[in-house]
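Enquirer: Need the 3D shape of this:
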Amino acid sequence: MALVVTSWNLQGSAGPDIEAVADHLRRVGCDVALVQEVQRRQARGLARTLGARSCSWGFKHWPVRTRPEGMAILGISRSVQGTDTVGLTARWRIWSWRRRIVQFAHLDGLRLINIHLSPQDVESLREHELARVLHRAARDRSNARLMAGDFNARPNAALFAALTAAGLRDAWVVARPDSANAGATHWSARDRGRRAPTRRIDYVWVSPDITIERADLPRYGSDGYEIYPKLSDHLPLTVTLDVE
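Expert: Next comes the predicted model:
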């Protein structure tokens, strides 16, 4: 099964242009989108604009001053089934931005995991969150697994050892071994729109029975690149896969 998957932290509280987001997903031929920091109406609007076959949104927290924030899995050309949203951190603090969730879903035997770990200043907490996700994933009978999202961690972070031990592979590193140190997806507030991103914190990790054919990011300086800093403080990461 050929599959194009995009992971994108949309910074929904800043009000991204949903039409422009949809244009990018169409352009890359996205089959399934795993989205972080997106409001429910934004996820539904994106699904409607794309004519998506399925859209599952999960509540993360309610900032009060803006609409509730969450995560979403969009089945654009393929219907994604059985999406389950699980609280990871500060599960009962529904007003706190530090609350973290994870989404699990199925697509034709492929286990999809949409993840957004705690910020970079709490590495031990991120490791705990990832351990909980991996523990639940290990109980699943699906062999093929894809975990994608905003890990809030640089490539040398200790927590990635757990993913490697679980048999998962970093799609960017596999697809682009000569540019493993590239792949930055996130701007600091000071650099956003002024230069290329410098932080690689968004990833797609897959199990060995998935062939990784491509991994792509919008290229700094290319035609149309200027729209991306306006849409979010993260770039969309797209991988092309062949799932056995």
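Enquirer: Quick check: Cys30 vs Ser77, distance?
Expert: 8 Å (C-beta to C-beta, to the nearest Å). Quick note: C-beta positions are derived from backbone N, CA and C, even for glycine.
Enquirer: ranges for the strands of this protein?
Expert: 2-9, 32-39, 54-61, 69-75, 81-89, 100-107, 110-116, 145-150, 169-170, 202-206, 210-216, 237-243 (DSSP state E).
Enquirer: beta partners for the closest residue to Val35 other than its chain neighbours?
Expert: In this structure, Val35 finds its nearest non-sequential neighbour in Ala72, 4.6 Å apart by C-beta to C-beta, 6 or more residues apart in numbering. Beta bridges link Ala72 to Val35, Trp57 when assigned by DSSP bridges.
Enquirer: same question, Arg214
Expert: Going by DSSP bridges, Arg214 forms beta bridges with Thr240.
Enquirer: more crowded one of Cys30 and Ser77?
Expert: Set Cys30 next to Ser77 and count neighbours by other C-beta atoms under 10 Å: Cys30 wins out with 22 against 14.
Enquirer: what sits against the more buried one?
Expert: 4-6, 76-77, 238 (C-beta atoms under 8 Å, 6 or more residues apart in numbering).
Enquirer: Max pairwise distance over these: which two?
Expert: The largest separation in the contacts of Cys30, counting by C-beta to C-beta, is between Ser77 and Thr238 at 13.8 Å.
Enquirer: about what we covered before: put together TSV for the strands of the chain, with mean neighbour count on each row.
Expert: As requested, the strands of the chain are exported to TSV (neighbours: other C-beta atoms under 10 Å):
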stretch	mean neighbour count
strand 2-9	22
strand 32-39	27
strand 54-61	20
strand 69-75	25
strand 81-89	16
strand 100-107	22
strand 110-116	24
strand 145-150	25
strand 169-170	18
strand 202-206	25
strand 210-216	18
strand 237-243	21
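Enquirer: Quick one: those as CSV, columns for mean pLDDT and distance to Arg194 too.
Expert: Formatted as CSV, the strands of the chain follow (pLDDT from 0 to 100; distance: least, C-beta to C-beta, whole Å):
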stretch, mean pLDDT, distance to Arg194
strand 2-9, 97, 19
strand 32-39, 98, 22
strand 54-61, 95, 29
strand 69-75, 97, 26
strand 81-89, 93, 33
strand 100-107, 96, 30
strand 110-116, 96, 26
strand 145-150, 97, 22
strand 169-170, 97, 28
strand 202-206, 98, 20
strand 210-216, 96, 23
strand 237-243, 96, 21
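Enquirer: Make TSV out of those and add distance to Asp191.
Expert: Converted to TSV, the strands of the chain look like this (distance: least, C-beta to C-beta, whole Å):
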stretch	distance to Asp191
strand 2-9	16
strand 32-39	19
strand 54-61	26
strand 69-75	24
strand 81-89	28
strand 100-107	25
strand 110-116	21
strand 145-150	18
strand 169-170	24
strand 202-206	16
strand 210-216	21
strand 237-243	18
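Enquirer: nearest to Arg192, of those?
Expert: Closest among the strands of the chain, once you apply C-beta to C-beta, is strand 2-9, at 13.1 Å.
Enquirer: So which elements touch that closest one?
Expert: strand 32-39, strand 110-116, strand 145-150, strand 202-206, strand 237-243 (3 or more C-beta pairs under 8 Å, 6 or more residues apart in numbering; DSSP states H and E).
Enquirer: so what's the residue most central in space within the chain up against?
Expert: Centroid-nearest residue in the chain, with C-alpha atoms, centre = their mean: Gly149, separated by 2.5 Å. By C-beta under 8 Å, 6+ apart, the residues touching Gly149 are 7, 9, 34, 36, 71, 113-117, 202-203.
Enquirer: for it, which residues make a bridge with it?
Expert: Beta-bridge partners of Gly149, as defined by DSSP bridges: Ile115, Tyr203.
Enquirer: could I get stretch 152-167 in PDB with only the CA atoms?
Expert: Extracted C-alpha coordinates of stretch 152-167, given in PDB (Å, rounded to 0.1, in the frame of the first residue of the first chain):
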ATOM      1  CA  ASN A 152       9.800  18.700  21.200                       C
ATOM      2  CA  ALA A 153      13.200  17.100  21.200                       C
ATOM      3  CA  ARG A 154      16.400  17.500  19.100                       C
ATOM      4  CA  PRO A 155      17.700  14.400  17.300                       C
ATOM      5  CA  ASN A 156      20.400  13.600  19.900                       C
ATOM      6  CA  ALA A 157      17.800  13.500  22.800                       C
ATOM      7  CA  ALA A 158      18.000  10.400  25.000                       C
ATOM      8  CA  LEU A 159      14.300   9.500  24.500                       C
ATOM      9  CA  PHE A 160      14.900   8.400  20.900                       C
ATOM     10  CA  ALA A 161      16.800   5.400  22.100                       C
ATOM     11  CA  ALA A 162      13.400   4.000  23.300                       C
ATOM     12  CA  LEU A 163      12.000   4.300  19.800                       C
ATOM     13  CA  THR A 164      15.100   2.600  18.300                       C
ATOM     14  CA  ALA A 165      14.800  -0.200  20.900                       C
ATOM     15  CA  ALA A 166      11.100  -0.600  19.900                       C
ATOM     16  CA  GLY A 167      12.300  -1.300  16.400                       C
END
